[in-house]
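Undergrad: Fold the following.
(one chain, ligands or ions: 1)
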Amino acid sequence: DSVFANIVRAPEDPILGVTVAYNKDPSPNKLNLGVGAYRTEEGKPLVLNVVRRAEQMLVNDKSRVKEYLPIVGLADFNKLSAKLIFGADSPAIQENRVTTVQCLSGTGSLRVGAEFLARHYHEHTIYIPLPTWGNHPKVFTLAGLSVKTYRYYNPATRGLDFEGVLDDLNAAPSGAIVLLHACAHNPTGVDPTLEQWEQIRQLMRSKGLLPFFDSAYQGFASGSLDADAQSVRIFVADGGECVVAQSYAKNMGLYGERVGALSIVCRSADVASRVESQLKLVIRPMYSNPPIHGASIVATILKDSNMSHEWTVELKAMADRIISMRQQLFDALQAKDTPGDWSHIVKQIGMFTFTGLNAEQVAFMTREYHIYMTSDGRISMAGLSSGTVPHLADAIHAAVT
Ligand code: PLP
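TA: Predicted coordinates for the structure are as follows:
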C-alpha cells in the first residue's frame, strides 16, 4: 500500500477552481469570468507588443547568459521598480532609504515581506480588509503572522465602509501591521478617495500602525501609473516607513513569468541596508534566487523611455477596455429594466466588479447560462467583451427576477 494512502483530497482553490469547472463544461456559450487575467475583445490572452519587442532584444543579445541572479534579483529591475511605485523623484529613493528585492510576482513579494516581519518586527498581528483577495490570509498565516480583519466593504451601499475602516484601525493595537490594497481593491473594486486615504494615513501614523501595501494593479485601474500609486506615495511622502509588494502580472501581462518586487521604506539608509541583509536570509533558504527572464523584460522596458512610453499606451488601452465593459454591462441592464441599482458596476475600479449577486444566484447563472465566477459574485470585467455582455446581462436579469 502507498505510504500516502491516508492522505485526504484537498479542496480546489476557490478562485483557480472556477477555471477547472469552466474547462469541463462542453457548452459553446460558456463564459469564464472567474480568472483575474486580461482578455482581448476576442477573448484571447494578450502579450503586449512592447513585451514581445523586449523579448526579441533579449534573445538577440548574445552576451546574455543564464547565470544565477544575486539573492535579491536583478539590480536594474529593483531600482526601476522602486521608481515606478514611489515616483522618479522620490526623496526616499534619493536618500537610499528604500531596499527593493525581486520576488516571485505579487504573491512571492507578500510572502517574503510577511516572513521578514514575522522574524524581525515586534508586532505579529496583520489587519486585512474584509473582504480581501482569498490568498492573503493564507500567505500571512503561513508566514507566521496572526491575521485579523478590519471592516472595509458595505454591502448596503456597495461602497466603502469608511467609518468601519477608521473605527477598526483605531481599535488596533499600536504597531500592528495593516494590509492596504494600493488601488483596485480585489474583490470589491472599491477604493478610498484621496481625501479618505489621507485620513487613513493620519490615523495610522498617529497610532504607529505599519502599512503593508499590496500593489497588484498599478496603472490597470485608471490607466495612469502615477494616479494608481498615489495611496503609496502619500505614505512615503510623510517620511515614515512602509512595506510594498508589487506585481507585474496584470499591468505588464507577465502573469506566468512571476515577476514582482518587495520594497521596504526605512527611516535611514543604514536601517535599509540592514533590512536588506536580513531579507537575503529569508530568501536564500526559500528559493535561493529569483528567475531572470521576466525581470529582464521589465528592466529592458523601464530603462528605455520609448519602450516605457509604448508600455503606458498599451496599459491604458487595457484599462480603457475594462472601463468600457463596465459601461456596456451597466447600459445593457438599464435597457432590460433589470430590477435594482446597478450603478456600482460603473463606480467600482479595476479588474473586478463585486456584483452583489449571492452564491445561489451565481450557481443559477453557472447552471443555466454556463457563466463561471467566484461564489461571492465577483466577475472579472477583463473576461468580458462586447459580444458576451448581452449573454451576461440576460443571466443577471434572470438571476434577480
Ligand atoms: N494581490 C492581489 C490583490 C491580487 O489580486 C493578486 C492577483 O490576483 C495578487 C496579489 C498576486 O498576483 P501575482 O502573484 O500573480 O502577482
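Undergrad: And the longest helix along the chain, what does it pack against?
TA: Scanning the chain for the longest helix, with DSSP state H as the assignment, gives helix 305-335. Here helix 305-335 touches helix 49-60, helix 293-303, helix 344-347, helix 389-400, going by 3 or more C-beta pairs under 8 Å, 6 or more residues apart in numbering; DSSP states H and E. The C-beta positions use only the backbone N, C-alpha and C, and glycine is treated the same way.
Undergrad: Kindly reformat those helices as CSV containing mean pLDDT and mean neighbour count.
TA: Shown next, in CSV, are those (pLDDT from 0 to 100; neighbours: other C-beta atoms under 10 Å):
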stretch, mean pLDDT, mean neighbour count
helix 49-60, 98, 16
helix 293-303, 98, 22
helix 344-347, 95, 18
helix 389-400, 96, 19
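Undergrad: Tell me the residue of the stretch 151-300 of the chain that sits nearest the ligand?
TA: The ligand sits closest to residue 247 of the stretch 151-300 of the chain, with a gap of 3.1 Å, by C-beta to the nearest ligand atom.
Undergrad: Can you pull the residues of this structure lying near the ligand?
TA: Neighbours of the ligand within the chain, by C-beta under 6 Å from any ligand atom: 36, 105-107, 133, 181, 186, 214, 216, 247, 249, 255, 260.
Undergrad: Contacts for the helix or strand hosting residue 19 next, please.
TA: Using DSSP states H and E, residue 19 sits in helix 16-24. Contact with helix 16-24 is made by 11-12, 30, 32, 34-35, 366, 372-374, as judged by C-beta atoms under 8 Å, 6 or more residues apart in numbering.
Undergrad: run the last query once more with 6 Å
TA: Contacting residues not belonging to helix 16-24 are listed as 12, 32, 34-35, 372, 374 [C-beta atoms under 6 Å, 6 or more residues apart in numbering].
Undergrad: For those, name the two members farthest from one another.
TA: By the measure C-beta to C-beta, 12 and 32 form the most distant pair in these, at 14.7 Å.
Undergrad: more neighbours, those two?
TA: Neighbour totals were compared for residue 12 and residue 32, and residue 32 leads with 20 against 12 (other C-beta atoms under 10 Å).
Undergrad: And the more buried one, how far from the ligand?
TA: Counting by C-beta to the nearest ligand atom, to the nearest Å, the gap between residue 32 and the ligand amounts to 15 Å.
Undergrad: which residues touch that residue?
TA: So residue 32 contacts 22, 372, 383 (C-beta under 6 Å, 6+ apart).
Undergrad: between these, which is nearest the ligand?
TA: residue 383 (13.2 Å).
Undergrad: The helix or strand harbouring residue 263 relative to helix 293-303, how many degrees between them?
TA: Using DSSP H and E, residue 263 maps to strand 260-265. Angle, strand 260-265 to helix 293-303, by axes from the mean of the first three to the mean of the last three C-alpha atoms, to 10 degrees: 60 degrees.
Undergrad: Strand 260-265: partners in the sheet, and parallel or antiparallel?
TA: strand 98-103 (antiparallel), strand 242-247 (antiparallel) (DSSP bridges).
Undergrad: and the helix or strand that the first one is followed by, how far from the chain's centre?
TA: From strand 98-103 onward toward the C-terminus, using DSSP H and E, the following helix or strand is helix 105-120. The chain centroid and the centroid of helix 105-120 are separated by 15 Å, computed with C-alpha atoms, centre = their mean, to the nearest Å.
Undergrad: By neighbour count, which of the residues of the chain next to the ligand wins?
TA: residue 260 (30 neighbours).
Undergrad: That residue pairs with what?
TA: residue 103, residue 247.
Undergrad: Please verify my assumption that it contacts residue 101.
TA: No: with contacts counted by C-beta atoms under 6 Å, residue 260 stays clear of residue 101, the gap being 9.9 Å.
Undergrad: ok so, going back, could you list every helix and strand in contact with the next helix or strand along the chain from the strand holding residue 263?
TA: Next helix or strand after strand 260-265 toward the C-terminus (DSSP H and E): helix 269-287. Here helix 269-287 touches strand 98-103, helix 105-120, going by 3 or more C-beta pairs under 6 Å, 6 or more residues apart in numbering; DSSP states H and E.
Undergrad: what does helix 269-287 rub up against?
TA: 71, 96-97, 99, 101, 112, 115-116, 120, 264, 266.
Undergrad: neighbours of residue 364, just the number please.
TA: Using other C-beta under 10 Å as the criterion, the residues surrounding residue 364 number 17.
Undergrad: Same question for residue 384.
TA: 25.
Undergrad: excluding its backbone neighbours, what's nearest it?
TA: Counting by C-beta to C-beta, 6 or more residues apart in numbering, residue 384 lies nearest to residue 325, which is 4.6 Å off, once chain neighbours are set aside.
Undergrad: Can you give me the buried ones in stretch 187-206?
TA: Residues of stretch 187-206 classed as buried: 187-192, 197, 200-201, 203-204 (neighbour count, 16 or more other C-beta atoms under 10 Å).
Undergrad: Am I right that residue 219 sits in a helix?
TA: No: under DSSP: H, G, I helix; E, B strand; the rest coil, residue 219 sits outside any helix and is assigned coil.
Undergrad: Just list the residues touching it, thanks.
TA: Neighbours of residue 219 in contact, by C-beta under 6 Å, 6+ apart: 225, 228, 251, 315.
Undergrad: about what we covered before: ok, of the contacts of residue 32, which come out buried?
TA: Buried among these by 16+ other C-beta under 10 Å: 22, 372, 383.
Undergrad: Same list as before, those residues that is, but in a markdown table and with pLDDT included.
TA: Listed next are those as a markdown table, based on pLDDT from 0 to 100:
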| residue | pLDDT |
| --- | --- |
| 22 | 93 |
| 372 | 95 |
| 383 | 92 |
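Undergrad: Skip ahead from the helix or strand of the chain with the lowest mean pLDDT and say which helix or strand is next.
TA: Within the chain, confidence by mean pLDDT, DSSP states H and E is lowest for helix 16-24 among all helices and strands, at a mean of 88. Going down the chain from helix 16-24, the next helix or strand is strand 31-32, by DSSP H and E.
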